[in-house]
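A.B. asks: Provided below are the primary sequence and the corresponding predicted coordinates.
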Amino acid sequence: MPRRRTLKLPPLDLGHETIGQRLARIRKERGYTQVELAKKIGLIQTLVSDYETDRLRLSAEMAVRFALALDISLDELLHPKSKKRSNKKPSLKVMRRMEQIENLPPAQQAAVLKTIDAFVRAAER
């Protein structure tokens, strides 16, 4: 009878967050809810939640689907120490608010932008 081989790999250092936690963080950075991301991929929200809480293991196909839906590289999703993208897109939340601001009358747009500028200047100090 052939002997069963066991593969003993060293533990994988995922840094301070699991793949599920990284998936949740990136989803939130992009401004998606679990429901919106699930719809974009063709899943239901509970499955997105299960991936984010590490109740389900991310297969290669699902990793590709999540990366495409979030417009990120697989390296950014899977690698704990991947570099931040330099051409980062604004989050969906920011884009929605920008569209709302564009629909305001010009005087109100100027007031909103002046307030935003003041906050940005204060944050840079």
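C.D. replies: That came in fine, so what should we check first?
A.B. asks: which residues in this protein form strands?
C.D. replies: Along the chain, no segments are classed as strands by DSSP state E.
A.B. asks: which non-adjacent residue is nearest the most centrally placed residue in it?
C.D. replies: The chain has Ile26 as the residue nearest its centroid, 1.8 Å off, counting by C-alpha atoms, centre = their mean. Leaving aside its sequence neighbours, Ile26 sits nearest to Leu70 (C-beta to C-beta, 6 or more residues apart in numbering; 5.6 Å). Just so you know, the C-beta spots here come from the backbone N, C-alpha and C atoms, and that holds for glycine as well.
A.B. asks: Return the per-residue confidence for the one you found.
C.D. replies: pLDDT, Leu70: 94.
A.B. asks: State whether it and Tyr32 are indeed in contact, as I suppose.
C.D. replies: Yes. Counting by C-beta atoms under 8 Å, Leu70 touches Tyr32, with 7.5 Å between them.
A.B. asks: which stretches of this protein form helices?
C.D. replies: With DSSP state H, the ranges of helices along the chain come out as 19-29, 34-41, 45-52, 60-70, 74-78, 92-102, 106-124.
A.B. asks: Out of those helices, which is closest to Thr6?
C.D. replies: Of all the helices of the chain, it is helix 60-70 that lies closest to Thr6, at 23.3 Å by C-beta to C-beta.
A.B. asks: Got the domain ranges for the protein?
C.D. replies: For the chain, automatic domain parsing gives the domain ranges 19-78, 92-124.
A.B. asks: Least reliable of those by average pLDDT, please.
C.D. replies: domain 92-124 (a mean of 88).
A.B. asks: about what we covered before: deepest of the domains of the chain, which one?
C.D. replies: Burial of the domains of the chain is given as mean neighbour count (mean count of other C-beta atoms under 10 Å); domain 19-78 ranks first at a mean of 16.
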